[in-house]
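Student: I would like to see how this sequence folds:
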Amino acid sequence: MLDRIISEVPRFFTYYNMVFLLEAMGRTLLMTLVGVSLGFALGFLLDFARRTPGRAWLPLRLAATLYVETFRRIPFLVILFIVLFAIQGFRFSVSLFGVAMIGICVISSAFCAEIIRAGFDSIHQTQWDTAAVMNFGRLQTLRHVVLPQAWRVILPPAFAFMVMFIKDTALASQLGVVELTFAGKVLSTRGFSAILVFGTVLVLYFVLSYPLSRLGAWLERRLAPSRGR
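Tutor: This is a model prediction of the structure:
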């Protein structure tokens, strides 16, 4: 087996194969960064809706809570198929890559909303009450009081979720999206050793995820002094 892998290395690491893998790698990174970033923004809105006071906003709070609790419990692959069949049912013209992006936004917004909720709940209620006494609006309270302190609590699990989702994007290959795992399947069907192909894919996943995890640790250290103040 080792002899076969060694003999295939020159044929495998060609210009066109590497371009194919790097394009798939870029697509994986794009799905993760854009999908999770949009999901984080939607998650913020969902948590904001869940904290809206007053009986008049009860339907909004219930809808936001139902959304978060539902999609946090549905497997990502199932969400992808739900999105795909829903788009086909309404006869919208969306690429498979677009379907994957929508699915990522749906599930990441639910998980990010829970991460943001935990960060906001880490701020003692007296600070919310003090801001209200000083006539701060809800947005002012979040911007000037809560967010400067909550970021350090929010960022570590948020980056951990993003790194995790780099791996979960492999499920988009079931739809035919040409990301890293799908590219590995294609090269494997061309007769290359599966160990050589997916060993290379493994290294590329590490190259994607490790810098993000280090960036999260760096941001956590940078934000620590602002929380201390």
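
Student: show me what the helix or strand where Ser209 lies is packed up against.
Tutor: Secondary structure from DSSP states H and E places Ser209 in helix 194-228. Helices and strands touching helix 194-228, by 3 or more Cβ pairs under 8 Å, 6 or more residues apart in numbering; DSSP states H and E, are helix 2-12, helix 15-50, helix 147-168, helix 180-189. Just so you know, the C-beta spots here come from the backbone N, C-alpha and C atoms, and that holds for glycine as well.

Student: got a list of contacts for stretch 26-36?
Tutor: Stretch 26-36 has contacts (Cβ atoms under 8 Å, 6 or more residues apart in numbering) with 97, 100-101, 104-105, 108, 112, 161-162, 165-166, 169, 172, 177-180, 208.

Student: try stretch 200-212
Tutor: With Cβ under 8 Å, 6+ apart as the contact definition, stretch 200-212 has outside contacts at 12, 21, 25, 28-29, 32, 159, 162-163, 166-167, 180-181, 183-184.

Student: and the helices and strands packed on helix 194-228: which comes nearest Thr130?
Tutor: Of all the helices and strands packed on helix 194-228, helix 147-168 sits nearest to Thr130, with 12.9 Å by Cβ to Cβ.

Student: ok so, going back, out of the contacts of stretch 200-212, which is nearest to Leu215?
Tutor: When the contacts of stretch 200-212 are compared for distance to Leu215 (Cβ to Cβ), Phe159 wins out at 7.0 Å.

Student: what about the closest one, how many neighbours?
Tutor: Burial measure for Phe159: 20 neighbouring residues, criterion other Cβ atoms under 10 Å.

Student: with adjacent residues omitted, what lies nearest to it?
Tutor: Leaving aside its sequence neighbours, Phe159 sits nearest to Gly216 (Cβ to Cβ, 6 or more residues apart in numbering; 2.9 Å).

Student: which residues of the protein score low on pLDDT?
Tutor: 224-229 (pLDDT under 70).

Student: quick check, central residue of it?
Tutor: Taking Cα atoms, centre = their mean, the centroid of the chain lies closest to Val36, which sits 3.3 Å from it.

Student: before we move on, the earlier item: list the buried residues in the helix holding Ser209.
Tutor: For helix 194-228, a neighbour-count test (16 or more other Cβ atoms under 10 Å) marks 196-198, 200-201, 204-205, 208-209, 212, 216, 219, 223 as buried.

Student: and the angle from it to helix 180-189?
Tutor: Interaxial angle, helix 194-228 versus helix 180-189 (axes from the mean of the first three to the mean of the last three Cα atoms, to 10 degrees): 170 degrees.
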